[in-house]
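In: Sequence and computational prediction follow.
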Amino acid sequence: MEPRAPRLPAGALGAGAPVARRGRLITPHGVVETPAFMPVGTLGAVKGVTPQELAAAGAPILLANLYHLALRPGIDVIERLGGLHRFTGWSGPLLTDSGGFQVWSLGHLRTVDDGGVTFRSHLDGSTWRFTPAAVVDWQERLGVDVAMTLDECLPWPVSREQAAASWERTLDWARQARAAWRGDAGGGLFGIVQGSVFHDLRQRAAGELAALDFDGYAIGGVSVGEPAAERRAVVEQTAAALPPERPRYLMGVGYPADMLHAAMHGIDLFDCVLPARNARHGVLFTREGVLKIRHARFRDDPRPLDPECGCPCCTRLSRAFLHHLMRAGELTGPVLATLHNLRYYLDFMAELRQAIALGALADLAARLASFPAGHGAGDPAGDPRSPRTSRASREDPPGAGPHHPDPQEQRSPDAGRQARPACRDHD
RNA sequence: GGAGGUGUGGCCGAGUGGACAAUGGCAGCAGACUGUAAAUCUGCCGGGCAACGCCCUACGGAGGUUCGAAUCCUCCCGCCUCCA
């Protein structure tokens, strides 16, 4: 993103450092304009939000979780009820995560071996075997638009040796998943790059994964505690090594500033629980920065959370009322807060897409960077090595403007195919 | 009028001779949260200070016993229950 910054040689498939790009993810249940944010509905719903509300907020695609749905209510049940779309009432594109994240988050409830992952259910202690092929099969039975391969999401930090060994296993799983994938329903299968914070590992992994010809590629294993600067470096260099004509998905990220940074490096898809979870915890994203709505200072505040926001909360309710609901433990509080944060994220992505189209990413970066430090907006996107803000706004939008068309994105063989997710440039 | 019970930090509520400035919970004041085991978790929460320790004030009030009392005794005050 910073033209003057030294970068590693481009990967075998990359002609150079990727830049921000607009695109379309074409799925059986609709087209997703990218870069896009995918709200997380682990159990089939974003907590507190109906499918209708989610659509009204502008969500283009919903993420759910295979691990959680397999344990409860079970793949069989959902399949019998007509698939995950029918079951959840969400008629737009659906992506399911494979359970790879639970390898990390449920660290003490699982064991990993070369063949897959054995979970001890967090619900009742029962034993569940997740193999690369089974995970693919289950997702196909759910009828999702985008399935993810089973991967091993490593903790941070790990040694280089651990990361390398783990990657060999995840790569093997990716091969098995690719072989098992049928894609009958028109969905696509994404592979997941791991490699912890080791750039050469990541780059190698990206290349090896690309050779398997997935419908899209995800960068996993970030946002597990590593420093933001390391994460950003990983994103930059991994993105550069991924096939440009396919969607790039940065898993679990993140704060708006992090998404902006990643988008500047050619990432197309994001997901994160942050807007929903923080909303439930009283932390609201606004165009002025973050508001902790439970703070006493909002008790008498008649203003909307964010006057520029069109969500059901901001259009007619005061900060004081939301403050009251959250403090009183009234369910409506977290619901409204979630609708707001989601709307903020989705609006932010719309602004991001527009900024890419207009070559105005620097303005967006500058505005984000102007947020008070420590308010949860993440570090400024412009310079991973500097927590200061002015830097970013001085730099040119890194190759994102109309004068920096990204030649990599054009005319991929799959660009026009509707049968499976594809990502391509606009016009 | 008689008998029994009870009174603890903003609220509820443990503690019944030293380890008690006093367990918990709530409320309050902050912090955290990144492919969701999270409407969760963590810290602070009588006052003061030259503050990893010390001092002051505190378990309804006043006295007393004791080396030592929120805890035992006496009286007073409030509240509750039962009997007249």
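Out: Thanks, I have the structure now.
In: what stretches of the stretch 251-400 of chain A score poorly on pLDDT?
Out: A:372-400 (pLDDT under 70).
In: Return the residues of it in contact with RNA strand B.
Out: Applying CB under 7 Å from any atom of the strand, we find that the stretch 251-400 of chain A lies next to RNA strand B at A:251-255, A:258, A:271-274, A:276-278, A:280-283, A:292, A:294-297, A:327, A:329, A:331, A:334, A:374, A:376, A:378. Yep, even glycine has a C-beta here, placed from its N, CA and C like the rest.
In: Check which helices and strands the helix or strand containing A:Arg175 sits against.
Out: Counting by DSSP states H and E, the element that carries A:Arg175 is helix A:160-180. Secondary-structure packing of helix A:160-180 (3 or more CB pairs under 8 Å, 6 or more residues apart in numbering; DSSP states H and E): helix A:132-142, strand A:188-193, helix A:199-210.
In: Helices of the stretch 151-300 of chain A, residue ranges please.
Out: A:160-180, A:199-210, A:228-241, A:256-264, A:274-280 (DSSP state H, counting those that start in this stretch).
In: neighbours around A:Arg80, how many?
Out: For A:Arg80, the tally of surrounding residues (other CB atoms under 10 Å) stands at 11.
In: Same question for A:Ala185.
Out: Counted with other CB under 10 Å, the neighbours of A:Ala185 add up to 17.
In: One more: A:Ser159?
Out: A:Ser159 has 10 nearby residues by other CB under 10 Å.
In: Quick check: it vs A:Asp200, distance?
Out: Using CB to CB, to the nearest Å, one obtains 14 Å as the distance from A:Ser159 to A:Asp200.
In: Once you drop chain neighbours, what's closest to the closest residue to RNA strand B within the stretch 51-200 of chain A?
Out: For the stretch 51-200 of chain A and RNA strand B, the shortest gap (CB to the nearest atom of the strand) falls at A:Cys153, measuring 2.4 Å. Leaving aside its sequence neighbours, A:Cys153 sits nearest to A:Trp104 (CB to CB, 6 or more residues apart in numbering; 4.0 Å).
In: That neighbour and A:Val224 touch, don't they?
Out: Yes - counting by CB atoms under 8 Å, A:Val224 is a contact partner of A:Trp104 at 6.0 Å.
In: Now, of the residues of the stretch 251-400 of chain A next to RNA strand B, which are buried?
Out: Buried members of these, scored by 16 or more other CB atoms under 10 Å, are A:251-255, A:258, A:271-274, A:276, A:278, A:280, A:282-283, A:292, A:294, A:334, A:376, A:378.
In: Format the helices of the stretch 151-300 of chain A as CSV; extra columns: distance to A:Met349.
Out: Shown next, in CSV, are the helices of the stretch 151-300 of chain A (distance: least, CB to CB, whole Å):
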stretch, distance to A:Met349
helix A:160-180, 28
helix A:199-210, 24
helix A:228-241, 17
helix A:256-264, 8
helix A:274-280, 11
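In: most packed of the ones you listed?
Out: Among the helices of the stretch 151-300 of chain A, helix A:256-264 has the highest mean neighbour count (mean count of other CB atoms under 10 Å), at a mean of 28.
In: what helices or strands is that helix leaning on?
Out: Packed next to helix A:256-264, using 3+ CB pairs under 8 Å, 6+ apart, are helix A:228-241, helix A:332-358, helix A:361-369.
In: Distance to A:Pro93 added to those helices, as CSV?
Out: What follows is those, written out as CSV (distance: least, CB to CB, whole Å):
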stretch, distance to A:Pro93
helix A:228-241, 22
helix A:332-358, 14
helix A:361-369, 25
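In: Which one, of those helices, ends up nearest to A:Lys47?
Out: A:Lys47 sits nearest to helix A:332-358 of all the helices and strands packed on helix A:256-264, at 6.8 Å, using CB to CB.
In: between that closest one and helix A:256-264, how many degrees?
Out: 30 degrees (axes from the mean of the first three to the mean of the last three CA atoms, to 10 degrees).
In: Span of stretch A:41-56 from start to end?
Out: 16 Å (CA to CA, to the nearest Å).
In: Excluding its own residues, what touches that stretch? List them.
Out: Residues outside stretch A:41-56 that contact it (CB atoms under 8 Å, 6 or more residues apart in numbering) are A:39-40, A:57, A:62-65, A:68-69, A:72, A:84, A:87-92, A:273, A:276, A:280, A:312, A:331, A:334-335, A:338-339, A:342.
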